[in-house]
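In: predicted structure and sequence below. I'll ask about it afterward.
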Amino acid sequence: MHVTEGKEQFIDAWGQMGINWGINKTMGQIHALLLISIKPMCADDIMASLEISRGNAHQNIKMLLEWELIRSVDMEGERKEYFEAEKNMWSAFTKIIKQRKKKELEPMLEILAELKKTECNCSESTEFCKIMEELHLFSTKADKALENIVSSKSSWLIGNYLKAMR
């Protein structure tokens, strides 16, 4: 396989995987393109490489900047804004976890905390309260586990994971 074909497959696969992370395909493709690029790229280069519109490129670049998966880079003698991806995969992974927690888990924890206050005065409400309590407990533990992953060093976590797998 030629490197050009490999890059195209990677960009497409990363875009598809991005959908599972809760981002759109184009956002994943831009991230992949910048991840494998050997030099920073401007929006025009990204648009041309992925054959996407200016609005689509700018919207997704903005989101990637918010997620801190890419950063703006000053290029000497250039007026355009250039971008590069976070190439440390542990750092990128933890940033994705932080965004997913903020977007999905934390709002659910707030809702479950409120729902735990439901009055339990019949069999139906008792069952509901029991399920809400279990969901809140599980979600809180998941939140703490994810927080531990985010705050840990990759070498420590991977080392312990490999020990557990033996």
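Out: Good, I have the coordinates. Numbers count the residues shown, from 1 in each chain.

In: quick one, helices of the protein?
Out: Applying DSSP state H to the chain gives helices spanning 3-21, 25-36, 43-50, 54-66, 89-100, 106-115, 123-151, 154-165.

In: what's the closest of the ones you listed to Glu76?
Out: helix 43-50 (16.9 Å; Cβ to Cβ). Backbone N, C-alpha and C define where each C-beta goes, glycine included.

In: now the closest one against helix 3-21, angle please.
Out: 100 degrees (axes from the mean of the first three to the mean of the last three Cα atoms, to 10 degrees).

In: let's check: the centremost residue of the chain is which one?
Out: The chain has Ile96 as the residue nearest its centroid, 2.6 Å off, counting by Cα atoms, centre = their mean.

In: what's the domain layout of this structure?
Out: Structurally, the chain divides into domains by automatic domain parsing as follows: 3-85, 89-165.

In: worst average pLDDT in those?
Out: Among these, domain 89-165 has the lowest mean pLDDT, at a mean of 81.

In: now that domain, how far from the centre of its chain.
Out: A distance of 16 Å separates the centroid of the chain from that of domain 89-165, by Cα atoms, centre = their mean, to the nearest Å.

In: just the residues contacting stretch 113-122, thanks.
Out: The contact list for stretch 113-122 (Cβ atoms under 8 Å, 6 or more residues apart in numbering) reads Ser125, Thr126, Phe128, Cys129, Met132, Glu133, His136.

In: as JSON lines, the residues you listed with distance to Ala142 and neighbour count would be great.
Out: JSON lines is the format used below for the contacts of stretch 113-122 (distance: Cβ to Cβ, whole Å; neighbours: other Cβ atoms under 10 Å):
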{"residue": "Ser125", "distance to Ala142": "25", "neighbour count": "12"}
{"residue": "Thr126", "distance to Ala142": "25", "neighbour count": "13"}
{"residue": "Phe128", "distance to Ala142": "21", "neighbour count": "15"}
{"residue": "Cys129", "distance to Ala142": "20", "neighbour count": "17"}
{"residue": "Met132", "distance to Ala142": "15", "neighbour count": "19"}
{"residue": "Glu133", "distance to Ala142": "15", "neighbour count": "14"}
{"residue": "His136", "distance to Ala142": "11", "neighbour count": "18"}
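
In: now the residue nearest to the centre of the chain: how far from Val150?
Out: Going from Ile96 to Val150 by Cβ to Cβ, to the nearest Å gives 10 Å.

In: equivalent analysis for Ser123, please.
Out: Distance of Ser123 to Val150, given as Cβ to Cβ: 41 Å.
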